[in-house]
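In: Quick one, what's the 3D model for this:
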Amino acid sequence: MAVVPHVSVLSSQYLDQYCSACAAPSSESGLKRCPKCKTVYYCNQVCQNRDWMWHKHECSALQTWAAAAPSQEVSVPGDAIRCLGRTLWASQKEGLDSSWAREIRMMQSNRSAIPPSSFESHAQLAHFVVRYLGVSTPAELEPYGLGSAGDLVDLISRFTTNTFTLMSFTLTPIGICIAPTVAFANHSCDPNAAIVFPRTPGTPAGKEPSLNLIALREIPPGKEVRIAYVDTTLPKGLRQNELQETYNFTCRCKLCNKPPPVDLREALWCPKKCGGTCPIPTEEDSLSRCQKCKAVVADVDAVLDAVRVGQEALDKATSLQFKDSAKSRQLTTNIIPILISAGLTPSSHPLLAMTHLHQELLIASLPSSLTQDILNDVIRTAAKYCAGLQGLLPKGHPVRVVALGELGKLLAVDEPAPRTDATQTAVAQFPPSGPPRLKLAYDTLVRAHEELLIGFGNENGGGQVGADVRDAAVRLEQELGIWTAGIRDTLKDTMAAGRAKWQ
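Out: Numbering: from 1, shown residues only. Now for the predicted structure:
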């Protein structure tokens, strides 16, 4: 199932990096900025003209907002404000009785069950939306179908409950969008479907961004399609908190109601190193045994301290990722060894999330003069992240396959200083060097492409990521073929020289 969202907006930090009409990333020729508001950007005139129905009112609203902003940091309203603004302007344009507007109103509202903790945020958002629209009296809201303050609260409740993350084809969150049809899909922490934006090559810009609902496994007739509203690599407690806070319900899926004896999201390696795992102890239940050999985790306080420090560091490093990446990278570099020494498995939280963040930071800071040690460090981090995901996400899950494709492409990067025979050791090293690395890169990319056909759609060919991975695999196949032919020719020459010697 593929639909173009009713409304989509980019997050402020990506407004100059993606097209505000089709959400395509900037090309080599760059994007064209709106000459009036100087805030939104487009691929070309075609995209700008297509978006004018939305941007006509938005353009002047952005200018008014920027003129009144006390500082440059708040000169652009948040994506929630801009998304709600576009929704109301479009409802007015399409007509309040149009199917477009009715579909918006059909989305579920949790107004009657909004928790007290959300009152302030909803009230603040309502205030900013009214200000953004440029209205000053309740009567001025009626053309938008808002006859009372309750109607505005209803709209905001529908928005917070049904909004999807707008993602790039590599799953980078770049904004938010509203797609009423897909919003009918309910949640499960073990979903049978996922949402992606594959950007299949050849798709017209007028049909982008294309939100695709992809089945991760066969769904029998009559079986409900379920997606994940939250990150399912998080442990149960964090998932439940987020679902309650944002969507106001308690999940009772199989994973939550009948979790495994040891959930890998909250697991330690056996203290006796038997290869088994133990649940991470808690303050309420400090007794933790290995499920295999029954060994008891002795230093519970050390584990609890490591997990607490790790979570605090993860929150801090995440907040600094784009503000002070060096400080963020320092945090991940220092904390990951602490979590590993505490015995956390690669899939455990917060180690898995910290590893992923560390990988992103390392890739973002890659120098132009790449060294072998730096490249190997990034590859090892990517491999650890992939290993952590393998135990949590099913084959074909978009997050898993994008990580696998990333690892394959990193392995395919030309080595600045490959190891020679003299530096090879009897102990297997990861990542390998030379032809074995190319073979591993090829195998990883082929595997990633097979899974991409599941996670991003077989009919889409795996989308843009699938095309990129397929092209990388073809290049490696050619390179490996040249290397194999070279070895074959060398062996023939050596044999021929040997025969000539003995003649």
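In: Pull out the buried residues from the one helix or strand S121 maps to.
Out: In the assignment (DSSP states H and E), S121 maps to helix 119-133. Using 16 or more other C-beta atoms under 10 Å as the test for burial, helix 119-133 gives 122, 125-126, 128-133. Placement of C-beta: from N, CA and C, glycine included.
In: try stretch 210-225
Out: Going by neighbour count (16+ other C-beta under 10 Å), the buried part of stretch 210-225 is 210-214, 216, 225.
In: about what we covered before: which residues outside the helix holding S121 are in contact with it?
Out: Here helix 119-133 makes contact (C-beta atoms under 8 Å, 6 or more residues apart in numbering) with 61, 65, 77-78, 80-82, 84-85, 88, 114, 140-141, 144, 149, 152-153, 156-157, 160.
In: Among these, which lie within strands?
Out: Residues of the contacts of helix 119-133 located in strands (DSSP state E): none.
In: Could you identify the buried members of these?
Out: Buried positions within these, assessed by neighbour count (16+ other C-beta under 10 Å), are 61, 65, 77-78, 80-82, 84-85, 88, 114, 141, 144, 152-153, 156-157, 160.
In: ok, back up a step: narrow the contacts of helix 119-133 to those in helices?
Out: Cross-referencing these with the helices (criterion: DSSP state H) gives 61, 65, 80-82, 84-85, 88, 149, 152-153, 156-157, 160 as the overlap.
In: Which pair of those residues spans the longest distance?
Out: The largest separation in the ones in helices among the contacts of helix 119-133, counting by C-beta to C-beta, is between W65 and S157 at 23.8 Å.
In: Just the CA atoms of stretch 345-362, as CSV, please.
Out: Coordinates of each C-alpha in stretch 345-362 appear next as CSV, following Å, rounded to 0.1, in the frame of the first residue of the first chain:
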residue,chain,number,x,y,z
THR,A,345,24.8,-7.9,25.5
PRO,A,346,25.0,-6.1,22.1
SER,A,347,21.2,-5.9,22.0
SER,A,348,20.7,-4.5,25.5
HIS,A,349,19.6,-1.0,26.2
PRO,A,350,21.3,1.5,26.4
LEU,A,351,24.3,-0.2,24.8
LEU,A,352,22.6,-0.8,21.4
ALA,A,353,21.3,2.8,21.1
MET,A,354,24.7,4.1,22.2
THR,A,355,26.5,2.0,19.6
HIS,A,356,24.2,3.3,16.9
LEU,A,357,24.8,6.9,17.9
HIS,A,358,28.5,6.3,18.1
GLN,A,359,28.4,4.9,14.5
GLU,A,360,26.6,7.9,13.2
LEU,A,361,29.0,10.2,14.9
LEU,A,362,32.1,8.4,13.6
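In: pLDDT on it, on average?
Out: What stretch 345-362 shows for mean pLDDT is 97.
In: ditto for stretch 5-25
Out: Stretch 5-25 comes out with an average pLDDT of 96.
In: How far does it stretch from one end to the other?
Out: The distance separating the two terminal residues of stretch 5-25, taken as C-alpha to C-alpha, to the nearest Å, comes to 18 Å.
In: likewise stretch 287-301?
Out: Between the opening and closing residues of stretch 287-301 lies a distance of 11 Å (C-alpha to C-alpha).
In: which parts of it are buried?
Out: Buried residues in stretch 287-301 (16+ other C-beta under 10 Å): 288-291, 295, 297, 300.
In: Tell me which two in these are the farthest apart.
Out: For these, the farthest-apart pair by C-beta to C-beta is Q291 and V300; their separation is 16.9 Å.
In: Under the pLDDT cut-off, which ranges of the stretch 301-450 of the chain? List them.
Out: Per-residue confidence for the stretch 301-450 of the chain (pLDDT under 70) gives these ranges: 421-428.
In: err, the stretch 51-200 of the chain, not the other one
Out: Filtered on pLDDT under 70, the stretch 51-200 of the chain yields the residue ranges 111-118.
In: Just give the closest residue to the most centrally placed residue in the chain, not the sequence neighbours.
Out: For the chain, the residue sitting closest to the mean C-alpha position, by C-alpha atoms, centre = their mean, is L171 at 4.1 Å. When the adjacent residues along the chain are set aside, L171 lies closest to V402, with 5.3 Å between them (C-beta to C-beta, 6 or more residues apart in numbering).
In: Quickly note the distance from the one you found to S365.
Out: As judged by C-beta to C-beta, to the nearest Å, V402 and S365 stand 20 Å apart.
In: Strands of the stretch 251-400 of the chain, start to end?
Out: If DSSP state E, counting those that start in this stretch is used as the criterion, the strands of the stretch 251-400 of the chain fall at 267-269, 277-279.
In: Could you single out the most deeply buried of these?
Out: Between these, strand 277-279 has the highest mean count of neighbours, a mean of 24, where neighbours are mean count of other C-beta atoms under 10 Å.
In: Relative to that one, what are the paired strands and their orientations?
Out: Strand pairing for strand 277-279, using DSSP bridges, gives strand 267-269 (antiparallel).
In: Surely R447 and G405 touch.
Out: No. When contacts are counted by C-beta atoms under 8 Å, R447 is not listed as touching G405 (9.3 Å).
In: List just the nearest of the buried residues of stretch 210-225 to P261.
Out: Using C-beta to C-beta, L216 is the member of those that sits closest to P261, with 24.5 Å.
In: Next up, the contacts around that closest one.
Out: Applying C-beta under 8 Å, 6+ apart, the residues near L216 are 191-194, 394, 396-397, 454-455.
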